[in-house]
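Undergrad: Make a model of this:
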Amino acid sequence: MITKEQFQLRQPSMPEETETDVFYFDICKKLIEISENKRLFPSYPEKVTERAALALTGYYQDVISDAGIWRSFITECRRLYGFTVPFYSVKNERYIDYELNKADVRFMVWYALSMNYENRRVCYPFDKEILEGADIWYEYLESQYEAAPIPDKFRFSAELEIHNEEDRPEIMRLANWLFLHCYLMTPAFAMTLTELTSEYDISTEDGILELQKRLDIAMWQDPTGPLALFLGEWLYLIVEGKSYPDKKEKKEKEPHKYYTAFTTYTNGRRLQFFANYEEMNQFFINALGWAEGENHLEQVKNDKDFVLMVDPEKGMLLARNVAKCISSPENPLYDPAYAKEHAMDLLTQRGCCPGDLIKFICENHWLPDAHFPESDDYEIVKENGDFIARCFLQQYYRGD
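TA: Below is the predicted model of the structure:
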């Protein structure tokens with residue numbers, strides 16, 4: 001069972017306990033009790049279900065107080081995709097902004113369970129177990145909605161201004177809470193945290209200090225949350241109520257030398273596919289002018305099914321063992337049967353494929369065989385491909 005300390009850690013007022021915390025701690029415990037009594041989510045360990053209940057309680061507190069976190073999420077979803085909630089937005093279905101919605105609860109349950117349980121990480125959003133459990137939890141939350149008090153300390157951004165120097169200490173406190181404890185950020189950051197933790201010996205004081213330094217860097221440099229936004233982007237959305245302004249000035253400059261050589265040799269094509277290392281190595285020599293008679297990028301010599309892509313600014317990138325999944329009309333290696341088994345990996349397995357290549361593939365609809373396991377619903381992946389990649393891949397998709 002969830003402890004009071006675990007619940008309190010997720011509250012923006014921590015370590016202070018507010019008058020309304022008792023009510024919402026009881027809500028969280030009741031969700032867990034319902035789950036146990038009705039045997040909801042049988043495929044998931046108890047601890048994972050408890051994390052989902054914690055996340056859903058945070059969402060509930062947010063919409064009741066209109067804290068701005070969920071509002072920011074759906075605002076950005078509408079800007080990016082034209083829909084409100086990934087997977088569950090239905091045309092003409094009743095949706096009330098910034099209030100309790102069944103689509104929200106379904107999404108939060110899918111998101112929290114998937115991100116926190118490796119064995120079912122890539123779970124179909126319309127899995128019967130997910131929908132039944134989410135809908136039962138929604139019915140309970142709806143029954144308590146009118147009586148629920150506005151959570152204390154949850155409207156932390158109401159009077160803040162992002163560029164006001166006097167507000168800086170409060171904005172930094174908000175930033176720390178969002179990154180480390182917020183219900184919307186922590187599920188997506190779980191795997192990143194696992195990766196970071198594995199790099200240090202946390203049984204020693206020095207290892208813990210090094211990890212803390214890395215987390216301080218990650219807070220501002222690694223994307224987080226289901227949309228893989230950087231913390232500055234989340235803060236701007238929450239405090240200012242609008243998307244982070246794009247201040248990057250695109251300066252005209254000469255394209256990268258690899259881009260020029262590559263596209264000249266391929267008559268303008270940005271992608272090339274190779275069944276084996278030998279073919280690709282010969283391309284390096286013929287197209288890019290690399291030294292003849294040498295094995296270039298020898299570290300990938302034992303791999304196969306390569307894809308090379310060029311970008312006018314970044315130069316050339318390489319992916320291995322993925323060419324069979326890409327349905328480009330210029331790809332002789334495309335194998336629909338193989339792609340049906342492995343195409344989803346490109347959107348969900350970190351390091352499987354460079355982010356820029358995934359974006360290019362999705363923009364051209366060259367991943368038609370990607371689907372969630374235990375489902376032949378290809379359309380849901382096609383419609384939500386960018387979101388899925390953001391949610392699962394995080395810095396491997398949005399990191400530059």
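
Undergrad: top strand in this protein by residue count?
TA: Across the chain, the longest stretch assigned as strand under DSSP state E is strand 304-311.

Undergrad: Send over stretch 391-400 as PDB, restricted to the C-alpha atoms.
TA: Taking Å, rounded to 0.1, in the frame of the first residue of the first chain, the C-alpha atoms of stretch 391-400 are listed here in PDB:
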ATOM      1  CA  CYS A 391       6.900   9.500 -25.300                       C
ATOM      2  CA  PHE A 392       9.100   6.400 -25.500                       C
ATOM      3  CA  LEU A 393      12.300   7.700 -26.900                       C
ATOM      4  CA  GLN A 394      12.600  11.000 -25.100                       C
ATOM      5  CA  GLN A 395      16.100  12.400 -25.700                       C
ATOM      6  CA  TYR A 396      16.800   9.800 -28.300                       C
ATOM      7  CA  TYR A 397      14.200  11.500 -30.500                       C
ATOM      8  CA  ARG A 398      14.300  15.100 -29.500                       C
ATOM      9  CA  GLY A 399      17.900  15.500 -28.300                       C
ATOM     10  CA  ASP A 400      20.000  17.400 -30.700                       C
END
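
Undergrad: For it, list every residue counted as buried.
TA: Within stretch 391-400, the residues that count as buried by 16 or more other Cβ atoms under 10 Å are 391-398. (Glycine included, C-beta is placed from N, CA and C.)

Undergrad: And stretch 62-80, by the same measure?
TA: Buried, per 16+ other Cβ under 10 Å, within stretch 62-80: 62-77.

Undergrad: so who does Asp222 touch?
TA: Asp222 sits next to 189, 192, 230, 394-395, 399 when contact means Cβ atoms under 8 Å, 6 or more residues apart in numbering.

Undergrad: Please read the previous query as pertaining to Trp366.
TA: By Cβ under 8 Å, 6+ apart, Trp366 lies in contact with 326-328, 331.

Undergrad: repeat for Phe23
TA: Phe23 makes contact with 148-149, according to Cβ under 8 Å, 6+ apart.

Undergrad: Over to Thr192?
TA: 218, 222, 224, 394-395.

Undergrad: Report the separation between it and His256.
TA: Distance, Thr192 to His256, using Cβ to Cβ, to the nearest Å: 29 Å.

Undergrad: Ile202 too?
TA: 40 Å.

Undergrad: quick revisit: now, the most widely separated pair of the contacts of Thr192?
TA: Ala218 and Gln394 (10.5 Å; Cβ to Cβ).

Undergrad: Look at Asp376 and say how many residues are nearby.
TA: If you count neighbours by other Cβ atoms under 10 Å, Asp376 ends up with 9.

Undergrad: actually Phe189, sorry about that
TA: Using other Cβ under 10 Å, Phe189 has 22 other residues around it.

Undergrad: Assign it to helix, strand or coil.
TA: When classified by DSSP: H, G, I helix; E, B strand; the rest coil, Phe189 comes out as helix.

Undergrad: Relative to Ala218, how far out is the closest residue in space to it that isn't next to it in sequence?
TA: Leaving aside its sequence neighbours, Phe189 sits nearest to Thr224 (Cβ to Cβ, 6 or more residues apart in numbering; 4.7 Å). Distance, Thr224 to Ala218, using Cβ to Cβ: 8 Å.

Undergrad: Tell me which of these two has more neighbours.
TA: Neighbour count, other Cβ under 10 Å: between Thr224 and Ala218, Thr224 has more, with 27 against 19.

Undergrad: State the distance from the nearest residue to Asp303 once chain neighbours are set aside to Asn331.
TA: Once flanking residues are discounted, Asp303 sits nearest to Arg320: 4.0 Å by Cβ to Cβ, 6+ apart. With distances taken as Cβ to Cβ, Arg320 is found 15 Å from Asn331.

Undergrad: How about Glu46?
TA: From Glu46 to Asn331 the distance is 46 Å (Cβ to Cβ).

Undergrad: and if you look at Phe179?
TA: Taken as Cβ to Cβ, the span from Phe179 to Asn331 is 40 Å.

Undergrad: Which one of these two is surrounded by more residues?
TA: Shown here are Phe179 and Asn331; by other Cβ under 10 Å, Phe179 has more neighbours (22 against 17).

Undergrad: For that one, identify the helix or strand it belongs to.
TA: Using DSSP states H and E, Phe179 maps to helix 168-181.

Undergrad: same check, this time on Met316
TA: In this assignment (DSSP H and E), Met316 forms part of strand 315-319.

Undergrad: Only the buried residues of that strand, if you could.
TA: For strand 315-319, by 16+ other Cβ under 10 Å, it's 316-317, 319.

Undergrad: Just name the closest of those residues to Ile130, please.
TA: For the buried residues of strand 315-319, the minimum distance to Ile130 (Cβ to Cβ) is 31.3 Å, reached by Ala319.

Undergrad: Is it correct that the residue nearest to Asp303 is in contact with Phe306?
TA: Yes - judged on Cβ atoms under 8 Å, Arg320 makes contact with Phe306 at a distance of 5.4 Å.
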